[in-house]
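Q: The following block contains a protein sequence and its predicted model.
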Amino acid sequence: MEQTEEGGSGPNLDRVLSALKRRWKIPALLALATSVLAASAALMMPDRFDATAVVQIDPRKKTISNLETVVSELKADAATVESEVEIIRSRTIALKVIEILKLRDDADFVRVSPLRRIAKEIGVDHLIGDDGVSDRDDVSRLLDRKDPIESLIEPRVPGSGEPEKDEVAVAFSERLRVGRVRSTLLISIRFSASDPVKAAKIANTIADVYISEQLAAKRRAAGQASGMLEDKLEQLKAKLSEAERKVEDYKAKHNIFDSEGQILSEKQLARLMEQTVVARNASSEARAKYEQGQRLLRKGENGGAIAEVLQSHTVRLLREQLAKATRHEAELATKYGPRHPEIQKVRAEVADSESQLAAEIERLVSNLKNELDVAENRERQLSSSLEALKDQQVVAKDAGVELKDLQREATTSRQLFEALLARFKQTNETQDLQLADSRVIEHADVPLFPAAPNRKQITLLALIAGLAGGIAVVLVLEFATSGIGRPEDVERVFDLAHLSSVPWASRPGEAFDRMRTIRLVVAEPASAYAEAIRGARREIDVRRTHGSARLIQIASSLPGEGSSIVASNLAHHYALTGNRVLLIDADLRRANLTRELASGRPTGLLEALAANTPVEAAILRDGRTGLHFLPACGPLPSHLSSAELISSPAMAAALESLKKQFDTIVIDAPPLLPVIDGRVLADHADQIVFVMTWRKTPKQLARRALKCLGFNHRKVVGVVMNEVDPAILEDSRSLGSGLGAPHVAPASQRRAA
């Protein structure tokens, strides 16, 4: 068993089930009421049909041409899909669908105007026409207002910065549900409407408008890019023209000419240098040939070596002719003598060949000299021209550096212009060649059954909610109390024995009869109340510490807790068993028992103590039960202090005298907290029985009352729970406690043992 902070038992299954068993009507009735109300409300709700279209985000590259597009394809990630979901849910898409399907005239989306709403609240909405503007003067007259009814509506100040409110768009958005389908690239578009055809039509239109808007966004982006490129091209064109004009002006100013993209002077210098090098090589070659020919002639070399140097075809032919004539001469010399005519003839041919060869060689050597002179002259002329041109280039060097800067700037501008021009043409030509990054993979079908309201579910949920609420109410009634909720909690809370649980003295709906109630054990000896009193008497007796006469004080925290009724019935029960029993009404202030049992008695305990006379003279006897009763006071009012009388020696002496005459004395004492009388009487008591009202007496006050007894707290034999619900007593029986608690010692005594 769990325990609360105050020491009481907390909720447990047995106690919860017991509470539900006793108060089952509360959750049953509450569940029935909520289910009936929910079912009635659900029946009055109009049917709503849901239609769903599905769109897929397609991240695959879609190429019509090989040209790069301005807007790239969507990425296949969660952020992109969620962004597209918000776009579909956006106000822009909603307004386009509203305009396409003309939903501003649809009853599902048209809200009541402020003028009609105010007129409806005052009961004159029949004066407002369909346009919401007719018969306003009549409405104003009914309102007894000089100003028109529009003054009831707060006007919107133009230009105040307040965003415009579109109630149709708001109503449209409330019926639209857009979401990602699990972790896929699919987006579901669900729309709810009162007409199934309308729901499907709107869902499909939303999907189509979304695709169209995606294409339009791409075209707009391409158009904006083309416009930006066109503006930039105009700027670059002007800049390029300015740069080229500066280059040409600079060339004209410094007499700079170019040919085939190269400055003419530089090109001329390069060619002149090449020609000079060629002339120098030719001069060197001619000089080498001439010097070699001269050297061979001086050495007397034959024509063969010279022919190889001169590389002349004529010399080779003459040399071959000479060799042929020489061979012929040698052949004839073997046959003829030196004076032979043939020999003479051949020798003449040889001499002629040699003469021709020598003349040719002379001529060739002379030609080499001429070639050398021409080559050297050519070299001198080119060298002179080169030196002059070099001097000119040194002068034009600084101008060329600045010219190159101007040319570089012009070249850069030209390249950028050409690149942007190509991009502009590409963007302009591909502006209409756009494909959407999404596609509709499932159009919404006309729903056959309404999606809402789910009347069975609403009724079931209301039934469950009502049942849960009823159970909560039962638990609150069971546990949310400042008093003792269960009789068996007494021992855990106060460390005292639970003597008995006394049920209601009168049945519910029965008129309260106080005389019958204070003698209930006599009037109904077989009742549950009488049985509970018997159980209390047994528990009191088993805790009796001696066999002599005893004084039992019946105490309570506050007035109205039934201690007088418990004291009277307990005393009557003791009297019925044959004991000499005295019941004392010691509540000298209220005298509850005296008013019922001895209302006409002229004297009582108060008068006897005040007059210092024996109290026995005021005792009455019940002839039926044998119970003796000592009234509190007579009918006349008294100004004597009850506290001083009770604490006087006369009171102590009177009690000692009475204990010698009676076996058991039961004292109905005043409550402990409001007055001190009960605490003074505790000094004379042998046993104290503490009475609490079930679920009414606060535990904190009961603790304070027990604590104020001080040393007499040890005399408290236990607690009697009064006015306990009979159903609780039934539960106590099922748990084994019965009407009267078993003989269980307090926890402190058990721990001491």
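A: All right, it came through fine.
Q: Convert the C-alpha atoms of stretch 494-506 to PDB, please.
A: The C-alpha trace of stretch 494-506 is given here as PDB (Å, rounded to 0.1, in the frame of the first residue of the first chain):
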ATOM      1  CA  PHE A 494      -3.000   8.900  13.400                       C
ATOM      2  CA  ASP A 495      -1.200   5.900  14.700                       C
ATOM      3  CA  LEU A 496      -4.400   5.000  16.600                       C
ATOM      4  CA  ALA A 497      -6.600   1.900  16.500                       C
ATOM      5  CA  HIS A 498      -9.700   2.000  14.400                       C
ATOM      6  CA  LEU A 499     -12.500   1.100  16.800                       C
ATOM      7  CA  SER A 500     -15.500   1.000  14.600                       C
ATOM      8  CA  SER A 501     -17.100   2.500  11.500                       C
ATOM      9  CA  VAL A 502     -20.600   3.800  12.300                       C
ATOM     10  CA  PRO A 503     -23.000   4.200   9.400                       C
ATOM     11  CA  TRP A 504     -25.500   7.000   8.900                       C
ATOM     12  CA  ALA A 505     -28.000   7.100  11.800                       C
ATOM     13  CA  SER A 506     -30.800   7.900   9.400                       C
END
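Q: which parts of it are buried?
A: For stretch 494-506, the buried set under the neighbour-count rule, 16 or more other CB atoms under 10 Å, comprises 494, 496-506. All C-beta spots, glycine's among them, are computed from the backbone N, C-alpha and C.
Q: Quick one: the helices in the stretch 1-150 of the chain, in order.
A: For the stretch 1-150 of the chain, the helices defined by DSSP state H, counting those that start in this stretch cover 13-22, 25-44, 78-88, 91-101, 114-121, 136-142.
Q: weakest of these by average pLDDT?
A: Sorting these by mean pLDDT places helix 136-142 lowest, at a mean of 50.
Q: residues contacting the most centrally placed residue in the chain?
A: Taking CA atoms, centre = their mean as the criterion, residue 82 is the residue nearest the geometric centre of the chain, at 14.2 Å. By CB atoms under 8 Å, 6 or more residues apart in numbering, the contact set of residue 82 is residue 180.
Q: who does the helix or strand that contains residue 232 touch, helix- and strand-wise?
A: Using DSSP states H and E, residue 232 sits in helix 196-253. Applying 3 or more CB pairs under 8 Å, 6 or more residues apart in numbering; DSSP states H and E, one finds that helix 196-253 contacts strand 49-57, helix 78-88, helix 91-101, strand 186-193, helix 341-429, strand 438-442.
Q: would JSON lines of the ones you listed with distance to residue 563 be doable?
A: Converted to JSON lines, the helices and strands packed on helix 196-253 look like this (distance: least, CB to CB, whole Å):
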{"stretch": "strand 49-57", "distance to residue 563": "69"}
{"stretch": "helix 78-88", "distance to residue 563": "73"}
{"stretch": "helix 91-101", "distance to residue 563": "75"}
{"stretch": "strand 186-193", "distance to residue 563": "67"}
{"stretch": "helix 341-429", "distance to residue 563": "101"}
{"stretch": "strand 438-442", "distance to residue 563": "80"}
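Q: per-stretch mean pLDDT over those, give me the minimum one.
A: helix 341-429 (a mean of 78).
Q: what angle separates it from helix 196-253?
A: Following axes from the mean of the first three to the mean of the last three CA atoms, to 10 degrees, one obtains 140 degrees for the angle between helix 341-429 and helix 196-253.
Q: by contact count, what packs against helix 341-429?
A: Here helix 341-429 touches helix 196-253, helix 264-299, helix 303-310, helix 313-335, going by 3+ CB pairs under 8 Å, 6+ apart.
Q: Measure how it sits relative to helix 313-335, angle-wise.
A: Going by the same axes, to 10 degrees, helix 341-429 makes 150 degrees with helix 313-335.
Q: Could you give the number of residues near the nearest residue to residue 365 once chain neighbours are set aside?
A: Leaving out its chain neighbours, the residue that sits closest to residue 365 by CB to CB, 6 or more residues apart in numbering is residue 293, at 4.6 Å. By the criterion of other CB atoms under 10 Å, residue 293 has 23 neighbours.
Q: Please report how far the residue nearest to the centre of the chain lies from residue 211.
A: Here the distance between residue 82 and residue 211 works out to 18 Å (CB to CB, to the nearest Å).
Q: And residue 98, by the same measure?
A: Distance, residue 98 to residue 211, using CB to CB: 18 Å.
Q: so who does residue 645 touch?
A: Going by CB under 8 Å, 6+ apart, residue 645 touches 588, 606, 609-610, 651.
Q: repeat for residue 473
A: Contacts of residue 473 by CB under 8 Å, 6+ apart are 26-27, 30.
Q: let's go with 7 Å and repeat that
A: Contacts were defined as CB atoms under 7 Å, 6 or more residues apart in numbering; by that measure residue 473 touches residue 26.
Q: One more: residue 706?
A: Here residue 706 is in contact with 494, 690, 713, 716 (criterion: CB under 7 Å, 6+ apart).
Q: How confident was the prediction at the third one?
A: Translated: residue 713. Per-residue confidence at residue 713 stands at 91 (pLDDT).
Q: and residue 483, how many neighbours does it have?
A: Neighbour number of residue 483 under other CB under 10 Å is 19.
Q: For it, give its distance to residue 693.
A: For residue 483, the distance to residue 693 - CB to CB - is 7 Å.
Q: Out of the helices and strands packed on helix 341-429, which is closest to residue 343?
A: Checking the helices and strands packed on helix 341-429 against residue 343 by CB to CB gives helix 313-335 as the closest, at 5.3 Å.
Q: Just the CA atoms of that closest one, as CSV, please.
A: In CSV, the C-alpha atoms belonging to helix 313-335 read as follows (Å, rounded to 0.1, in the frame of the first residue of the first chain):
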residue,chain,number,x,y,z
HIS,A,313,78.3,21.9,-114.6
THR,A,314,80.3,23.4,-117.4
VAL,A,315,83.6,22.8,-115.6
ARG,A,316,82.6,19.2,-115.1
LEU,A,317,81.8,18.8,-118.8
LEU,A,318,85.0,20.4,-119.8
ARG,A,319,86.9,18.3,-117.4
GLU,A,320,85.3,15.1,-118.7
GLN,A,321,86.1,16.2,-122.3
LEU,A,322,89.7,16.8,-121.3
ALA,A,323,89.9,13.4,-119.6
LYS,A,324,88.5,11.8,-122.7
ALA,A,325,90.9,13.5,-125.0
THR,A,326,93.8,12.5,-122.6
ARG,A,327,92.8,8.9,-122.7
HIS,A,328,92.5,9.0,-126.4
GLU,A,329,96.0,10.5,-126.7
ALA,A,330,97.3,7.7,-124.4
GLU,A,331,95.8,5.0,-126.6
LEU,A,332,97.2,6.5,-129.8
ALA,A,333,100.6,6.9,-128.3
THR,A,334,100.9,3.1,-127.9
LYS,A,335,100.2,2.7,-131.6
